[in-house]
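1. Here you go, sequence then predicted model.
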Amino acid sequence: MFVVERLIDVFAPHDCMVCGREGKLVCDWCFFDMCPPVPNRCYRCLAASPESATCKRCRSKTPLKHVWVRTDYQGAAKELVRVFKFERKQAAAPIMARYLHEALPYLKDRLIVAAPTATSRYRQRGYDQAKLLAKSLA
């Protein structure tokens, strides 16, 4: 996070997106209920699948072998992504990284790389959200 955002957190802390408590964007009480984990399943057809692998029926339609998903893109999870991208709430990056860390399997010698953000989006937002998220997750 930028120095300015850290100063703002001290003098004007975030309110929890879920319960409204002052102090964090998502308080410790709400963290576990905000984004309930989804079972291992194929990301295309949502059929149960071990280790979040793409099922046999969907393999011919995609080159992806596994897609790990932490929660459904709705409700508070969707709002967390929105405030991170469009309201400049960089405090969302470590929260999202924590959720992602819980969803990803242990991968030996894992390398985390951010997908490049368009220059126009970087200028518009003032930061590269993909890079910030990758840095928090790493």
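-> Nice, thanks for sending it over.
2. going forward, measure contacts and count neighbours with C-alpha atoms only.
-> Noted.
3. check contacts around Met17.
-> Leu25, Val26, Ala76 (CA atoms under 8 Å, 6 or more residues apart in numbering).
4. one more time with 10 Å
-> Contact analysis of Met17 by CA atoms under 10 Å, 6 or more residues apart in numbering lists Lys24, Leu25, Val26, Cys27, Cys30, Met34, Ala76, Glu79, Leu80, Val83.
5. And Val83, by the same measure?
-> By CA under 10 Å, 6+ apart, the neighbours of Val83 are Met17, Leu25, Lys89, Gln90, Ala91, Ala92.
6. buried subset of the contacts of Met17?
-> Lys24, Leu25, Val26, Cys27, Met34, Ala76, Leu80, Val83 (16 or more other CA atoms under 10 Å).
7. Turn the contacts of Val83 into a markdown table, columns for distance to Leu133.
-> Supplementary listing: the contacts of Val83 in a markdown table, determined by distance: CA to CA, whole Å:
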| residue | distance to Leu133 |
| --- | --- |
| Met17 | 19 |
| Leu25 | 15 |
| Lys89 | 12 |
| Gln90 | 9 |
| Ala91 | 10 |
| Ala92 | 9 |
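8. quick one on the thing from earlier: out of the buried ones among the contacts of Met17, which two sit at the greatest distance?
-> Farthest apart among those by CA to CA are Cys27 and Val83. That separation is 15.6 Å.
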